[in-house]
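Enquirer: please find the sequence and the predicted model below.
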Amino acid sequence: MAAKMYYDRDVDTAPIENKLIAIIGYGSQAHAHAQNLRDSGFNVVVGLRDGSSSKAKAEQAGLRVATIEDATKEADVVMLLIPDENQPKTYTESIAPYLSDGKALAFGHGFNVHFGRIVPPAGVDVFLVAPKGPGHMLRRVYADGAGMPGIFAVGQDATGKARDIALAYARGIGCTRAGVLETTFKEETETDLFGEQSVLCGGVTHLIQAGFETLVEAGYQPEIAYFETLHEVKLIVDLIYEKGFEGMRHSISNTAEFGDYVTGPRIITDDTKATMKTVLSDIQTGKFAERFIEDAENGFPYMNEQRTKMRDHKLETVGKELRDMMPFISKKELEV
Ligand SMILES: NC(=O)C1=CN([C@@H]2O[C@H](COP(=O)(O)OP(=O)(O)OC[C@H]3O[C@@H](n4cnc5c(N)ncnc54)[C@H](OP(=O)(O)O)[C@@H]3O)[C@@H](O)[C@H]2O)C=CC1
Ligand SMILES: CC(=O)[C@](C)(O)C(=O)O
Ligand SMILES: [Mg+2]
Ligand SMILES: [Mg+2]
């Protein structure tokens, strides 16, 4: 049976009208949630730590800023949107003491609740609304009058209203313009981690990098390799996004389409899929979460090494030069 989809017309915003929503953090997701909710007509306060460099940016955007403690005290709904690895400490020190019964604690990703790193008290509602895309794009599509699909889940329904609040929230950030469906903390966490690691972020970047390096190592010009294996990805993906595989294949040459069928399975093999299953299993057992938290607790030695290595890679240096000559690409600086 097809999943029940929720659109604007299916969702009553009353559960969050005349309520105060605290958005904790002002990063990629948080700035988009805060601005979209405000523009949808809801009351928002942004909760930031002392000395936060984001305070000025949030105020410039016309948002009221308070400390995390005060925002939690004041608000009816507290949406925690700081990095997953930092959430438990901030939750314990600055949120939990002020999270009285009847309030709602919300997340943009189920990581900490699912892996038992945050255990909210029984008297509060717990839900997640996870937009299926990066925060900067969540804001951009909303401002353009469109929306980003999202999924929601209720982890704990103390007031009997958690589900209605979650749906109203999803509408407030613009997700019901595109389609929202119900999930669980477990399903959201596992599918989100799998998607970003195997396909969206890890899969795509490593596919591009391997293609780029293969051409450059064979003596082709890096600029051509960049256009061929990175720049054009967006153009092809835009067609897939708009019209599916068949629509994209309609647009490309028969030569390209034939090569797609013949070579695609040589690149993404049965072994690749078997590895994806192992990756999924590492996510399900918590092995990936453990590795991530361990690196975070040690100051991210592994992550920082990867960042440094890639910074000087030809793909990045040549890419920067080429993008600088195409000012229409990065139309706007990212706001946060
Ligand atoms: N990035 C994305 O697009 C997506 C993220 N999510 C989820 O949303 C949540 C937020 O992720 P994301 O937007 O990437 O986060 P960001 O890395 O962009 O968050 C940065 C914000 O968090 C604040 N912050 C960082 N550490 C602390 C701390 N120790 N105490 C208080 N505030 C802190 C920063 O404060 P300051 O300004 O003071 O430095 C800043 O405002 C996560 O659960 C993530 O999984 C879900 C879907 C997509
Ligand atoms: C942007 C998004 O959906 C991700 C990839 O899940 C994330 O940033 O965690
Ligand atoms: Mg995601
Ligand atoms: Mg994610």
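Expert: Alright, I've got the coordinates. Ligands and ions are numbered 1, 2, ... in the order given.

Enquirer: what's next to stretch 134-152, contact-wise?
Expert: Contact with stretch 134-152 is made by 27-33, 35-36, 39, 127-133, 166-167, 169-170, 173-183, 188, 334-336, as judged by Cβ atoms under 8 Å, 6 or more residues apart in numbering. Bear in mind the C-beta positions are built from the backbone N, C-alpha and C, glycine included.

Enquirer: of the residues you listed, grab the buried ones for ChimeraX.
Expert: Selection command for ChimeraX covering only the buried members of these, criterion 16 or more other Cβ atoms under 10 Å:
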select :28,29,30,31,32,33,35,36,39,127,128,129,130,131,132,133,166,167,169,170,173,174,175,176,177,178,179,180,181,182,183,188,335,336
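
Enquirer: and the contacts of stretch 134-152 near ligand 1, which?
Expert: Counting by Cβ under 6 Å from any ligand atom, 27-30, 130-131 from these sit close to ligand 1.

Enquirer: up against ligand 1, what does the stretch 51-200 of the chain have?
Expert: When proximity is defined as Cβ under 6 Å from any ligand atom, the stretch 51-200 of the chain approaches ligand 1 at 52-54, 81-84, 86, 90, 108-109, 130-131, 134-135.

Enquirer: one more pass at 8 Å, please.
Expert: Contact residues, the stretch 51-200 of the chain versus ligand 1 (Cβ under 8 Å from any ligand atom): 51-55, 68, 80-84, 86-87, 89-90, 94, 107-109, 111-112, 130-138, 192.

Enquirer: pull out the buried residues from those.
Expert: 52, 54-55, 68, 80-82, 84, 87, 90, 94, 107-109, 111-112, 130-136, 138, 192.

Enquirer: name the SS class of the residue nearest to Arg117 when sequence neighbours are not counted, please.
Expert: In space, Arg117 comes closest to Pro88 once its chain neighbours are excluded; the distance is 4.8 Å by Cβ to Cβ, 6 or more residues apart in numbering. Judged by DSSP: H, G, I helix; E, B strand; the rest coil, the three-state class of Pro88 is helix.

Enquirer: just the pLDDT for Pro88.
Expert: pLDDT recorded at Pro88 is 98.

Enquirer: what do you get for Asp8?
Expert: At Asp8, the pLDDT value in this model is 98.

Enquirer: quick one, what contacts it?
Expert: 171, 176-177.

Enquirer: list the ones among the buried ones among the residues of the stretch 51-200 of the chain next to ligand 1 that fall in helices.
Expert: 55, 68, 87, 90, 111-112, 135-136, 138, 192 (DSSP state H).

Enquirer: pick the one among those residues closest to ligand 2.
Expert: Asp192 (4.9 Å; Cβ to the nearest ligand atom).

Enquirer: quick check: nearest residue in space to that closest one, chain neighbours excluded?
Expert: Using Cβ to Cβ, 6+ apart, the closest residue to Asp192 is His109 (6.1 Å).

Enquirer: ok, now which ones touch that neighbour?
Expert: 84, 128, 130, 188-189, 192.

Enquirer: for ligand 4, state which of those residues is nearest.
Expert: Asp192 (4.4 Å; Cβ to the ion).

Enquirer: surely that closest one and Leu128 touch.
Expert: No - Asp192 lies out of contact with Leu128 (Cβ atoms under 8 Å); the separation is 10.0 Å.

Enquirer: hey, what's in contact with both of the two?
Expert: Common neighbours of Asp192 and Leu128, using Cβ under 8 Å, 6+ apart, are 109-110.

Enquirer: one step back: could I get the contacts of His109 as CSV with distance to Arg64?
Expert: Output for the contacts of His109, formatted as CSV (distance: Cβ to Cβ, whole Å):
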residue, distance to Arg64
Asp84, 26
Leu128, 24
Ala130, 25
Glu188, 30
Thr189, 31
Asp192, 30
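
Enquirer: how close does the residue in the stretch 1-150 of the chain positioned nearest to ligand 1 get to ligand 4?
Expert: Proximity of the stretch 1-150 of the chain to ligand 1 (Cβ to the nearest ligand atom) peaks at Gly27, 2.1 Å away. Using Cβ to the ion, to the nearest Å, we find Gly27 at a distance of 13 Å from ligand 4.

Enquirer: residues in contact with that residue?
Expert: Contacts of Gly27 (Cβ under 8 Å, 6+ apart): 54, 81-83, 135, 336.

Enquirer: ok, these vs Pro327, which is closest?
Expert: Val336 (21.4 Å; Cβ to Cβ).

Enquirer: do the helix or strand where Glu305 lies and ligand 1 meet?
Expert: Secondary structure from DSSP states H and E places Glu305 in helix 301-311. No - Helix 301-311 is not in contact with ligand 1 by Cβ under 8 Å from any ligand atom; minimum separation 12.6 Å.

Enquirer: quickly check: that helix near ligand 2 or not.
Expert: No - judged by Cβ under 8 Å from any ligand atom, helix 301-311 makes no contact with ligand 2; its nearest approach is 13.9 Å.
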